[in-house]
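Engineer: make a model of this:
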Amino acid sequence: MMKAVVGDETRLKLAEDRLSQSAIPAQVGLVVGKLNSSIDRGFVFDLLPTPPNDAGEPACSLSEAPKDDKKKKGPKTKSLHDSSSSLLIDQDWVVEHARQVSRMLVGGIKVIGIYIWATESSFKNSTIILCQTVKGVAEAASILEIDQDEGLLIHICYSPMKWTCRNFTLASNITSSSLRPCDFKLGRVLTSIHTFKCMYNFDIRLPIYHESASTAKTLTDILRYGISIHAKELRGAKAMINGCLGCVPSDLGCEMVVGDEPCLSDGLHEVELLLPFMKDASVEACSQKEVVGILVFSGSVCSFACLNPKEPISQALADIKGDIIMSLQSRLDIICDEADGDVNPTDDSCKEANDEIPTGKPVSQLVLPLLRKQHRLSFPRRVFVPWLAGTYICDYLQPFETVEVLKDHCVELMSMEAPTDPSTFLEPEIEAPTLTTKSFLDVAIPFNSAFSSEYHSQKRETGTREESNQKPTKSADFTMIIAVLLVFLSVFVGWVLFAVRAS
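Structural biologist: Modelled structure (predicted):
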């Protein structure tokens, strides 16, 4: 359980000024930061207001006064209404906001809860719906199996002005006593962060089983299973930091790790992950009759992680690994979301012999065991944008999208000014990850597909040359036979001469 939470003083003061000047009675938004149960501390980086929904309505408002109270006027009626009012929250919209923002955050930065701008009375009258919203946001922001099991609820009261922070255990039942207060203070958070970067190359190969041999048949099912298996394998990977294996970077060079030591040097730290040689948890023993193809998911992922000085360096490595898996899953989610909206994609991101794709089905729902030709799908590439105090956020661009989409997401989801200088963007992923499906025969006999594709094109040419090449071929064969006979004859004569001399 979080015993203390520290919020970045600069960002939270700006949020307080923004809310005070807005003159709105209520507002809900996301709390972005990180929770570390090993040190029982939480860190708040920024507060992101949830934008209006598609109908232009705010995500949070106060309940209207009863009709009988509307007929009455006076200060007593107004104070009575304030004490009986409760918060109306569009939970689905807030949860969707959390899901979209989680995709844009890098390792070590997460959506860790919600904040509410409201009076003390309306807050107390809305405990249940607030707990439900915190739980929904935590579930939407969770990517890995071992994510945080707690969520924060920050209440900013404007009558009188004060900040309070409460902790909610996600596994507990939602009751009026589910929220527990925790120590909350402001301090320097963002300016003291250490940054780690990793370029991770991966090549995941997954068998496509016959329909009767496996329950996972669609592209989405097979790939989600493969990513989950790779996540378990990645947890055991060793790491090199700034070229040192098993060391903590410091101003004096590298020092050996003794337990969980903190990071002692500033600047960007390069991380390289080392997987055990020839260890592939996704390969299973199976007969040739069960496998009809291979799904190849390969490419490079660029990952960033942010570490607080009070956290051990092992936390940065865990955040890097979690960010890599989160990035792969986010790209798959984007492919599925866009494919569901357009069941017959016509862009160049999906290159294959389309005559075998069932019409009316999105790419994510293709039944791979039924496909017989090779298919190739390009995934979105990751682009990084400067955020706060040297940190980055990210977005994913399809091959047909431009950076204008990225700017819109920054303004709408992250409540920041649109980036105006594209030169500050980081695009380390030169080639986006790709997904390729191959038949089992293409994998077992690599030259089979090339031979079969060239066979028909060369058949006619071979036929025209056959008659002209027939005589030289026969003469060459005859010459070869004569040469072999001469060799055998020489050996035989030599053996006879040796026998005669010996006698």
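Engineer: can you tell me the helix or strand for the spatially most central residue of the chain?
Structural biologist: A centroid search over the chain (C-alpha atoms, centre = their mean) returns Ser327, at 1.8 Å, as the residue closest to the centre. Per DSSP states H and E: Ser327 is located in helix 313-341.
Engineer: which helices and strands sit right next to that helix?
Structural biologist: Packing contacts for helix 313-341, counted by 3 or more C-beta pairs under 8 Å, 6 or more residues apart in numbering; DSSP states H and E, involve helix 91-104, strand 194-209, helix 219-235, strand 238-241, strand 268-274, strand 291-307, strand 392-397. Backbone N, C-alpha and C define where each C-beta goes, glycine included.
Engineer: what is the rounded mean pLDDT of that helix?
Structural biologist: Helix 313-341 shows a mean pLDDT of 87.
Engineer: got the buried residues for it?
Structural biologist: Buried residues in helix 313-341, counting neighbours by 16 or more other C-beta atoms under 10 Å, are found at 313-336, 338-339.
Engineer: relative to helix 219-235, how tilted is it?
Structural biologist: Orientation check (axes from the mean of the first three to the mean of the last three C-alpha atoms, to 10 degrees): helix 313-341 against helix 219-235 gives 170 degrees.
Engineer: for Ile116, give the beta-bridge partners.
Structural biologist: Counting by DSSP bridges, Ile116 forms beta bridges with Val28, His155.
Engineer: just the pLDDT for it.
Structural biologist: 97.
Engineer: ok, it touching His155?
Structural biologist: Yes - shown here, Ile116 and His155 form a contact pair, counting by C-beta atoms under 8 Å, at 5.5 Å.
Engineer: shared neighbours of those two, anything?
Structural biologist: Phe123 (C-beta atoms under 8 Å, 6 or more residues apart in numbering).
Engineer: leaving out chain neighbours, which residue sits closest to the residue nearest to the centre of the chain?
Structural biologist: Val301 (5.3 Å; C-beta to C-beta, 6 or more residues apart in numbering).
Engineer: does the one you found really touch Ile324, like I thought?
Structural biologist: Yes - between Val301 and Ile324 there is a contact at 5.2 Å, judged by C-beta under 8 Å.
Engineer: report the set of residues contacting both of those two.
Structural biologist: Tyr200.
Engineer: so how far is Lys185 from Ser178?
Structural biologist: 23 Å (C-beta to C-beta, to the nearest Å).
Engineer: right, I mislabeled it, should have said Ile325
Structural biologist: For Ile325, the distance to Lys185 - C-beta to C-beta - is 33 Å.
Engineer: just Gly151 next, same as before
Structural biologist: As judged by C-beta to C-beta, Gly151 and Lys185 stand 19 Å apart.
Engineer: higher neighbour count, the two?
Structural biologist: Legend: neighbour count by other C-beta atoms under 10 Å for Gly151 and Lys185, higher for Gly151 (27 against 11).
Engineer: show me what the helix or strand harbouring that one is packed against.
Structural biologist: If you go by DSSP H and E, Gly151 is part of strand 150-158. Using 3+ C-beta pairs under 8 Å, 6+ apart as the contact criterion, the elements in contact with strand 150-158 are helix 9-22, strand 27-36, strand 41-49, strand 110-117, helix 120-124, helix 127-141, strand 161-169.
Engineer: go again with 7 Å.
Structural biologist: Applying 3 or more C-beta pairs under 7 Å, 6 or more residues apart in numbering; DSSP states H and E, we find strand 150-158 packed against helix 9-22, strand 27-36, strand 110-117, helix 127-141, strand 161-169.
Engineer: now the fourth one against helix 91-104, angle please.
Structural biologist: This points to helix 127-141. For helix 127-141 against helix 91-104, the angle by the same axes, to 10 degrees is 30 degrees.
Engineer: do the second one as well
Structural biologist: Orientation note: strand 27-36 sits at an angle of 40 degrees relative to helix 91-104 (the same axes, to 10 degrees).
Engineer: show the contacting residues for Gly42.
Structural biologist: Met2, Val5, Gly33, Leu35, Ile112, Leu152 (C-beta atoms under 7 Å, 6 or more residues apart in numbering).
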